[in-house]
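Trainee: what's the 3D shape of this:
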Amino acid sequence: MAKYKALDQMRAKCKQEQNNVTDQYLNCDQGDNGSESLTDDEVVSIIAGKLSDAPQIASAWKAATQEWTAGKESAAKEIVRQFKMWIGTSLPPLQRKVAELIAISFGEFTDEEICKKLEKDGKRPPLGSVKSARREIVEKFTSLINKLERTEKT
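Mentor: Residues are numbered from 1 along each chain as shown. Now for the predicted structure:
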């Protein structure tokens, strides 16, 4: 019970902190009409202030931004391109439909959302079938990428 109460208090605190950012923005807004947007420098200063209050988040943010490079971005785009081309190969019909939805959403759709999208196109597959199809897609595409990497190294 105490665990759930602590979680509720943490959620309330996070929601309050999010609302405080909005309140700060409204209180600090200076301009003729009172509806001017923040400049880049103001956004940076607000974020810097928030990150200085949370060193763990600041270090995670720094690590994430330093790790992402133009080379990694182009590699990610290439993987997405290969995935889209691979979808048209010999995948079973359900796996192909699931893979198309994954490609459209960049993997953001949940299994339930995929079921609902497929229901709009016709017959709704069972949730277990979608989960299985997603798992098979991941396994097949991972093995394809690994195979391509091995052939490039030789």
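
Trainee: buried residues in the host helix or strand of Ala99?
Mentor: Assigned by DSSP states H and E, Ala99 belongs to helix 93-105. By 16 or more other CB atoms under 10 Å, the buried positions in helix 93-105 come out as 94-102. (Each C-beta comes from the backbone N, C-alpha and C, glycine too.)

Trainee: and what of stretch 77-93?
Mentor: Buried-residue list, stretch 77-93, by 16+ other CB under 10 Å: 83, 86-87, 91.

Trainee: pLDDT of it, averaged?
Mentor: Per-region confidence: stretch 77-93 scores 87 on mean pLDDT.

Trainee: can you give me the offset of it from its chain's centre?
Mentor: Distance, stretch centre to chain centre, for stretch 77-93: 20 Å (CA atoms, centre = their mean, to the nearest Å).

Trainee: Find the residue at the geometric middle of this protein.
Mentor: For the chain, the residue sitting closest to the mean C-alpha position, by CA atoms, centre = their mean, is Glu108 at 6.1 Å.

Trainee: which SS class is it?
Mentor: Per DSSP: H, G, I helix; E, B strand; the rest coil, the local secondary structure of Glu108 is coil.

Trainee: got the phi/psi numbers for it?
Mentor: Per-residue torsions, Glu108: phi -80, psi -20 (degrees, to the nearest 10).

Trainee: I'd like the distance between Gly71 and Val80.
Mentor: Computed as CB to CB, to the nearest Å, the Gly71 to Val80 distance reads 15 Å.

Trainee: and whichever strand or helix holds Arg135 with helix 93-105, angle?
Mentor: For Arg135, the element it lies in under DSSP H and E is helix 127-153. Helix 127-153 runs at 70 degrees relative to helix 93-105, counting by axes from the mean of the first three to the mean of the last three CA atoms, to 10 degrees.

Trainee: Pull out the buried positions in helix 127-153.
Mentor: Using 16+ other CB under 10 Å as the test for burial, helix 127-153 gives 129-130, 132-134, 136-137, 141.

Trainee: So which of those is the closest to Ala54?
Mentor: Arg134 (34.2 Å; CB to CB).

Trainee: which residue packs closest to the closest one, ignoring adjacent ones?
Mentor: With sequence-adjacent residues excluded and distances taken as CB to CB, 6 or more residues apart in numbering, Arg134 is closest to Val98, at 5.8 Å.

Trainee: Next, work out how far apart that neighbour and Lys77 are.
Mentor: From Val98 over to Lys77 the distance is 22 Å, taken as CB to CB.
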